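Student: Using only what follows, build the 3D model:
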Amino acid sequence: MEAFWDVAARMQRTVVQPLDLLPPIDVTFRDYALAVIRAEQLANPLDPYKYRDVMIKVFRQREILTIEDEQQLKQEEYLYERQRLSVFHSIDDISRSRAAAYRFLNDNRDDLFIPASQDFVITDLYDAHKLTRQATRLPRQVILEYIWREEIPLVGSRFGRFDGQSTTMLCGGTLLFDDSGNVLSWTRKPGTAAKTDKKGQIDKRWAEEVKAGQERRSEFLDAIAAQIVAGRVGVISGSHRGLVGTRVPPITAEGEDGTVQFRLAPHLHLSEDDQKREADDLGERQWEISC
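Tutor: Just a heads-up that it's a prediction; the model follows:
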């Protein structure tokens with residue numbers, strides 16, 4: 001019973017606490033693996049039993065982390081590195097008000113790679129009080145999440161009837177502060193807009209960010225095109241009374257004035273066989289709500 005209790009407590013610290021470090025959108029297994037390692041660093045910096053090495057080894061074996069990730073994570077470095085910010089704001093002000101959090105982000109757009117032409121929204125702002133392995137309290141943590149939408153044109157026959165329209169790709173990040181206002185973690189999903197220097201060239205600090213954003217956009221468009229070709233994108237049908245029809249596509253397309261939004265629709269299946277059959281079936285009944 002004692003061993004079971006110890007394992008349950010460790011799993012809660014290892015598995016649940018890192019969720020606060022994830023970016024607000026497009027979370028991948030790699031994002032989660034890096035969050036797990038960072039959370040373990042903060043809660044157990046000395047790591048006398050080398051738990052982090054075991055975690056990294058398992059993530060590598062499962063091909064979640066790359067060899068470059070492993071090399072970087074195993075480098076000896078300071079636990080806290082100062083985050084470059086142009087304008088200081090009190091963490092008490094940031095944590096108490098979304099308006100104050102917005103002003104903080106707006107004042108530090110250049111350092112946080114938020115394009116000047118993009119407005120953003122605060123999607124979440126909250127405190128976390130976490131425990132160490134001996135149930136002692138870590139310093140309060142403040143989590144700030146923000147996103148913005150970047151317009152992406154849909155050009156090409158692979159987008160079917162949506163060719164010539166545009167959609168939006170979500171971008172944004174998650175900042176984790178300690179009780180003194182130090183940035184403990186910053187994870188993000190960049191866009192493609194860049195800051196340019198006086199010669200019109202992309203600012204050196206933004207170059208890597210823009211490259212990652214362009215890769216995201218390419219993957220985003222490929223995913224949309226693949227779903228359209230597979231016939232999994234459609235509209236919700238209904239009656240004049242607002243009743244939804246019996247069939248709803250896995251991805252719905254909604255929009256006006258040449259801009260379309262793709263949204264996942266809720267689907268319920270009673271068995272795994274239904275899911276496999278739907279994935280293999282490209283005939284007349286490609287999707288429906290099961291109950």
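Student: Give me the phi and psi for Asp124.
Tutor: phi -160, psi 150 (degrees, to the nearest 10).
Student: could you list every residue that touches it?
Tutor: By CB atoms under 8 Å, 6 or more residues apart in numbering, the contact list for Asp124 reads Pro24, Ile143, Leu144, Glu145. Yep, even glycine has a C-beta here, placed from its N, CA and C like the rest.
Student: try 10 Å this time
Tutor: Asp20, Pro24, Arg98, Ala101, Ile143, Leu144, Glu145, Tyr146, Ile147, Thr174 (CB atoms under 10 Å, 6 or more residues apart in numbering).
Student: Give me the neighbour count for the fourth one.
Tutor: When you say that, I think you mean Ala101. Other residues within reach of Ala101 by the criterion other CB atoms under 10 Å amount to 22.
Student: What of the first one?
Tutor: Look at Asp20: counted by other CB under 10 Å, it has 20 neighbours.
Student: surely it meets Leu138?
Tutor: No. The criterion here is CB atoms under 10 Å, and Asp20 misses it with Leu138 at 11.6 Å.
Student: sorry, back to before: show the buried residues in the contacts of Asp124.
Tutor: Asp20, Pro24, Ala101, Ile143, Leu144, Glu145, Tyr146, Ile147, Thr174 (16 or more other CB atoms under 10 Å).
Student: Which single one of those residues is nearest to Ala9?
Tutor: Taking CB to CB as the measure, Ala9 sits nearest to Asp20 out of the buried ones among the contacts of Asp124, at 17.7 Å.
Student: Give me the secondary structure label for the residue lying closest to the closest one once chain neighbours are set aside.
Tutor: Using CB to CB, 6 or more residues apart in numbering and skipping residues adjacent in sequence, the residue nearest Asp20 is Ile143, 4.9 Å away. Ile143 falls in the strand class when you classify it by DSSP: H, G, I helix; E, B strand; the rest coil.
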